[in-house]
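A.B. asks: Fold the following.
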Amino acid sequence: MDWSSIAGLVIALVGILIGQLIEGGSVLSLLQPAPFFIVVFGTLGAVLLQSKAENFLNGVRQIKHVFIKPPEDNSDQIIRISQWASIARKEGALRLETMLNQEPDPFAQKGLRMLIDGIPAQTIKQICTNELNIYEIRQRDAIKVWDSAGGYSPTIGILAAVMGLMHVMEKLTDPSSVGSGIAVAFVATIYGVGLANIIFIPVSNKLKAITQTEVARREMVIEALTAIATGEHTLIIEERLSAYMNVEAEQ
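C.D. replies: Below you'll find the model as predicted:
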């Protein structure tokens, strides 16, 4: 589990609720079904209108990565790649066949398969780079779903607030309902701005960071496979890979 994501969401929500209580307000006053449905379904509809169904579903599936850390990290990958380089240099690339089924990452497994089959280094690099570019495009389209939701949500919240105020104006003959009606109207703005800044935009930024890390890892694999295919010394390959370990540490 990514406890920083869970803690961040909980802290933000608790902070809002405690602030509401300190101001003398009621937590129940923030629970208004009409503004909630307008903001949530209005945002959902706008995002669906903008996005392809495939990109939308992919974006929704990506939410799990915000709260569940990927099991892979660069250090494990670097250890396996160092083993590949050592075996390929001492015994030949064909001996890597025994390592193929032990590789958990499909991207690295595909590159390793080409290395075993004797595909030239430049061809391996070109094929893997093309696959990486396609991955980046798909991820960018998926993340754009959350970016868009963060942009539409506040505006739809204002729309819901205006609708609430219109409803209040229709009941000016009943002064006792004006105050509560205005309060409910402004809750819509809270929903719109709150969802955008507590959920949609942070999720988008987190997914961008995760994608950036994964892209760097795949670039590392491509560089290593190319170096092994060209017969570079194991120590040189390990030295190159150490730079990616430093990037992981900084993140």
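
A.B. asks: Can you give me the distance of Ala196 to Lys110?
C.D. replies: Separation of Ala196 from Lys110 (C-beta to C-beta, to the nearest Å): 39 Å. Any C-beta I mention is one placed from the backbone N, CA and C, and that applies to glycine too.

A.B. asks: before we move on, what about Lys64?
C.D. replies: Taking C-beta to C-beta, one finds Lys64 at 24 Å from Lys110.

A.B. asks: Can you pull out the low-pLDDT segments for the chain?
C.D. replies: 70-73, 171-180, 245-251 (pLDDT under 70).

A.B. asks: Please repeat the previous calculation with a cut-off of 50.
C.D. replies: Scanning the chain with the threshold set as pLDDT under 50 gives 248-251.

A.B. asks: where exactly do the helices run in it?
C.D. replies: Secondary structure of the chain, counting by DSSP state H: helices at 3-22, 33-50, 53-61, 63-67, 74-91, 97-100, 106-116, 121-169, 178-194, 201-229, 234-250.

A.B. asks: Neighbour count for Ala196 and Lys110, which is higher?
C.D. replies: Ala196 (22 against 17; other C-beta atoms under 10 Å).

A.B. asks: residues contacting that one?
C.D. replies: Ala196 makes contacts with Ala149, Gly150, Gly151, Ser153, Pro154, as judged by C-beta atoms under 8 Å, 6 or more residues apart in numbering.

A.B. asks: And the residues you listed, which is closest to Gly24?
C.D. replies: Nearest to Gly24 among the contacts of Ala196 is Pro154, at 26.0 Å by C-beta to C-beta.

A.B. asks: Contact partners for that closest one?
C.D. replies: Thr189, Gly192, Val193, Ala196.

A.B. asks: so how many other residues sit close to the third one?
C.D. replies: Going back to what we said before, that points to Val193. Around Val193 there are 15 residues (other C-beta under 10 Å).

A.B. asks: next one: the first one
C.D. replies: Each residue near Thr189 was counted by other C-beta under 10 Å, and the total is 19.

A.B. asks: so it touches Ile158, yeah?
C.D. replies: Yes: contact criterion C-beta atoms under 8 Å: Thr189 and Ile158 qualify, at 6.1 Å.

A.B. asks: now the contacts of Pro154 as CSV including distance to Arg240?
C.D. replies: CSV is the format used below for the contacts of Pro154 (distance: C-beta to C-beta, whole Å):
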residue, distance to Arg240
Thr189, 52
Gly192, 48
Val193, 46
Ala196, 42
